[in-house]
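Visitor: here is my input; please provide its structure:
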Amino acid sequence: LRQYIRQHQNRRLAEYEARNITYQILQIISYCHKMNVIHHDLKPDNILFTDNSHTCIKIIDFGISSLINSKSKEGSLIYLPPEIINDEDTRSVPSVDMWSIGCIFGEMLIGKFLFKGANIVETKKIISELEKKFAAENLNVQVMDWKYAALSYSGTVEGIGIIFNILIIILAVVVFIIIM
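Guide: Just a heads-up that it's a prediction; the model follows:
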């Protein structure tokens, strides 16, 4: 998938392609979660196409995968959720993979990493401060049931960029809920 993304203008996939790939990732990871396995290292490098039509994928590299609720802080930094970066919750839970899927989906749509700094320290800072930015920007998301999510925002214009990135992740979570 990484190579396929790089081949596209501005490293962006068409929405229908990103949606199709994300849907397949969600189906595969849903099965893994039902088997009590958390991948922990979902990223475009670990998603391969099964043929040259680029319509069917497989997920590879389960080397750091773990069982649900075991402890793990492993994964690729750019795709790790804030709770892992901040050492708040290091359990292997489905939300770890869901965060990564949201990051992949966003990367396919906007053509760049959602939360990448100039170096490792800056990247960790960007990701670790996301929870604070949620509160500071007054973003409130409530998933009422699988068909309805409510969103309200009363923050600053500067906060819209980070909110957009978070909404991409939320969208992936809502899609996951729907296919379950």
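Visitor: and the end-to-end length of stretch 115-130?
Guide: In stretch 115-130, first residue to last residue: 10 Å (C-alpha to C-alpha, to the nearest Å).
Visitor: no wait, stretch 80-90
Guide: 11 Å.
Visitor: just the buried positions in it, please.
Guide: For stretch 80-90, burial by neighbour count (16 or more other C-beta atoms under 10 Å) applies to Leu80, Pro81, Pro82, Glu83, Ile84, Ile85. Placement of C-beta: from N, CA and C, glycine included.
Visitor: equivalent analysis for stretch 117-126, please.
Guide: For stretch 117-126, the neighbour count (16+ other C-beta under 10 Å) marks Thr123, Lys124, Ile126 as buried.
Visitor: dump the C-alpha coordinates for that stretch into CSV.
Guide: Provided in CSV are the C-alpha atoms of stretch 117-126 (Å, rounded to 0.1, in the frame of the first residue of the first chain):
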residue,chain,number,x,y,z
GLY,A,117,6.7,16.0,13.5
ALA,A,118,10.2,16.9,12.4
ASN,A,119,11.7,14.3,14.6
ILE,A,120,10.7,11.5,17.0
VAL,A,121,10.4,13.9,20.0
GLU,A,122,8.2,16.3,18.1
THR,A,123,6.0,13.5,16.8
LYS,A,124,5.5,12.1,20.3
LYS,A,125,4.6,15.6,21.5
ILE,A,126,2.1,16.1,18.7
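Visitor: who's in contact with it?
Guide: For stretch 117-126, contacts defined as C-beta atoms under 8 Å, 6 or more residues apart in numbering pick out Leu77, Ile78, Ile85, Phe115, Lys116.
Visitor: over to stretch 35-51?
Guide: Stretch 35-51 has contacts (C-beta under 8 Å, 6+ apart) with 1-2, 4-5, 21, 25, 29, 32, 55-68, 72, 74-76, 78-79, 92-94, 96-97, 100-101, 103-104, 107-108.
Visitor: of the residues you listed, which belong to helices?
Guide: Among the contacts of stretch 35-51, the residues falling in helices (DSSP state H) are 2, 4-5, 21, 25, 29, 32, 94, 96-97, 100-101, 103-104, 107-108.
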